[in-house]
Structure formats: structure tokens, C-alpha cells
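>>> Requesting a structural model of the entry that follows:
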Amino acid sequence: MDKLCAQVREQLPNSQMQSAFDKTQRTWVQYRNLNADLTAKLTSQGGSAYTYDYLSNLSVSTEQQIADLKAMLKVLRDDPR
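Numbers count the residues shown, from 1 in each chain. A predicted model of the protein is given here:
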């Protein structure tokens with residue numbers, strides 16, 4: 001995902017947008033982690049399945065973010081600016 005983020009970042013037209021993208025990615029990682037934690041606590045009810053649920057939630061969220069970044073990269077590369 002780091003490589004994909006770097007590819008998106010380099011396609012952004014200026015440093016202001018790059019900074020906004022960086023901030024967005026950092027915020028997304030915090031959200032992903034907190035959401036995975038909460039969801040795992042709810043589904044496992046604090047039991048032995050917590051770690052499995054947490055990692056599964058991280059994986060699903062990360063896969064979705066990768067798909068979103070790929071779509072963003074495609075739009076940026078196809079933009080005729």
C-alpha cells in the first residue's frame with residue numbers, strides 16, 4: 001500500500017494537495033485501526049476471537065482502501081491536464 005500511496009502522491013498536481021493526501025492517509029490509518037478494534041470487540045465480545053476479528057477487519061478495510069487508491073490513481077493518470 002505504501003508504494004501505491006507514493007504513486008498517487010506523485011500524480012497530485014502540487015505540494016498542497018500532496019500534504020492533504022498525506023494527512024488523509026494518516027487519518028484513515030487511525031480510523032481503520034480504531035474501527036477494527038471496536039468491531040472486533042463487538043463481534044468477539046472480548047473473547048478469544050478478538051485477535052482474529054481485529055486482523056480480519058484490518059484486512060477488509062485495507063483491501064477497500066487499496067481499491068479506492070487504485071481508482072484515484074487511474075483518474076489522476078487519465079486526467080488530461
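>>> confidence score at residue 45?
Reported pLDDT at residue 45 in the predicted model: 85.
>>> Distance of it relative to residue 51?
According to Cβ to Cβ, to the nearest Å, residue 45 stands 14 Å off from residue 51. All C-beta spots, glycine's among them, are computed from the backbone N, C-alpha and C.
>>> before we move on, what about residue 3?
To residue 51, residue 3 is 27 Å away according to Cβ to Cβ.
>>> How about residue 68?
When residue 68 is compared with residue 51 (using Cβ to Cβ), they lie 26 Å apart.
>>> which of residue 3 and residue 51 has more neighbours?
A direct count of neighbours by other Cβ atoms under 10 Å for residue 3 and residue 51 places residue 51 higher, at 10 against 7.
>>> Now do the contacts for that one.
By Cβ atoms under 8 Å, 6 or more residues apart in numbering, the residues touching residue 51 are residue 40.
>>> Quick check: which element contains it?
Assigned by DSSP states H and E, residue 51 falls within helix 50-78.
>>> Flag every buried residue along that helix.
53, 54, 57, 58, 61, 65, 69, 72, 73, 76 (16 or more other Cβ atoms under 10 Å).
>>> if I pick the fourth one, what's in contact with it?
Contacts of residue 58 were listed using Cβ under 8 Å, 6+ apart, and they are 32, 33, 36.
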